[in-house]
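J.: Show me the folded form of this:
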Amino acid sequence: MGDNKVVLVTGCANGGIGYEYCKAFAERNCHVFASDVSQRMHDMLDLSSDNIETLELDVASDESVATAVNNIISNCGRIDILVNNARIGSTGPLAELPLDTIRKAYEINTLGQLRLVQQVVSYMASRQSGSIVNVGSVVGRVPTPWAGSYCASKAAVHAMSNTLRVKAIWCKCCASSARSREIKPWSC
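T.: Purely as a prediction, here's the structure:
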């Protein structure tokens with residue numbers, strides 16, 4: 001890896017997996033765009049380096065996603081790797097959670113990833129090159145009783161990733177089970 005690959009990572013606030021992905025890709029000489037929502041931008045201040053640029057990106061907004069992807073394509077000519085990592089959790093049994101909480105989980109955890117895939121896939125297809133990594137969760141396969149909307153939305157991420165592969169799109173779903181500082185993005 002390296003060779004100045006252009007990488008877009010979502011959900012990059014300090015303390016999370018996305019933050020570690022950014023550092024690992026930068027160490028491999030990739031040009032990294034670390035993104036998060038406006039409220040979390042201050043949690044990425046120390047990520048700025050020669051290889052990392054931070055940008056505001058709300059995966060729940062069509063306009064925000066289109067603007068971010070178009071700006072990266074305009075400035076760099078391509079996105080080689082997309083790491084869909086942005087997520088939101090909620091606590092409570094699925095049968096008791098307000099529907100708005102469940103909708104928000106799907107909007108960010110599932111549709112947010114698909115929104116980005118739809119924006120980048122045509123560029124990747126035209127170059128016949130590119131990789132998409134959708135960060136799932138072990139609870140998308142083995143649910144827990146108190147994270148109902150998160151489990152369900154991450155199960156949908158696994159299904160979505162498998163469906164994209166059927167359409168010959170290089171897409172990998174990594175099922176993380178815990179936050180770690182020992183992330184190796186090239187091993188997913």
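J.: Within the helices and strands, which one has the nearest residue to Leu47 once chain neighbours are set aside?
T.: Spatially, and ignoring its direct neighbours in sequence, Leu47 is nearest to Ala34 (5.0 Å; CB to CB, 6 or more residues apart in numbering). All C-beta atoms are positioned from the backbone trio N, CA, C, and that covers glycine. Assigned by DSSP states H and E, Ala34 falls within strand 31-36.
J.: What pairs with that strand, parallel or antiparallel?
T.: strand 6-9 (parallel), strand 52-56 (parallel) (DSSP bridges).
J.: chain center to that strand, what's the gap?
T.: Here the centre of strand 31-36 is set off from its chain's centre by 10 Å, with CA atoms, centre = their mean, to the nearest Å.
J.: Next: stretch 47-54.
T.: The chain centroid and the centroid of stretch 47-54 are separated by 17 Å under CA atoms, centre = their mean.
J.: One more: stretch 117-136?
T.: Centroid displacement of stretch 117-136 relative to its chain, using CA atoms, centre = their mean, is 12 Å.
J.: Ends of it, what's the gap?
T.: Taking CA to CA, to the nearest Å, stretch 117-136 runs 14 Å from one end to the other.
J.: Would you point out which residue is most central in this protein?
T.: Ranked by distance to the mean C-alpha position of the chain (CA atoms, centre = their mean), the top residue is Asn84 at 1.4 Å.
J.: the bottom helix or strand of the chain by mean pLDDT?
T.: Lowest on mean pLDDT, DSSP states H and E among the helices and strands of the chain sits strand 171-176, with a mean of 73.
J.: what does the longest helix anywhere in the chain contact?
T.: Using DSSP state H to assign secondary structure, the helix with the most residues in the chain is helix 148-166. Contacts with helix 148-166, where a contact means CB atoms under 8 Å, 6 or more residues apart in numbering, come from 87-90, 92-95, 97, 101-102, 104-106, 108-110, 113-114, 117, 132, 134-137, 139-141, 143-144, 171-173, 175.
J.: CA-only coordinates of it in CSV, if you can.
T.: C-alpha atoms of helix 148-166 as CSV (Å, rounded to 0.1, in the frame of the first residue of the first chain):
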residue,chain,number,x,y,z
GLY,A,148,-31.0,-3.4,19.4
SER,A,149,-30.9,-0.6,16.8
TYR,A,150,-27.1,-0.8,16.5
CYS,A,151,-27.2,-4.6,16.0
ALA,A,152,-29.9,-4.4,13.4
SER,A,153,-28.2,-1.5,11.5
LYS,A,154,-24.9,-3.3,11.5
ALA,A,155,-26.5,-6.5,10.3
ALA,A,156,-27.8,-4.5,7.4
VAL,A,157,-24.2,-3.2,6.7
HIS,A,158,-23.0,-6.8,6.4
ALA,A,159,-25.9,-7.7,4.0
MET,A,160,-25.3,-4.5,2.0
SER,A,161,-21.6,-5.3,1.6
ASN,A,162,-22.3,-8.8,0.5
THR,A,163,-24.8,-7.5,-2.1
LEU,A,164,-22.2,-5.0,-3.4
ARG,A,165,-19.7,-7.8,-4.0
VAL,A,166,-22.3,-9.7,-6.0
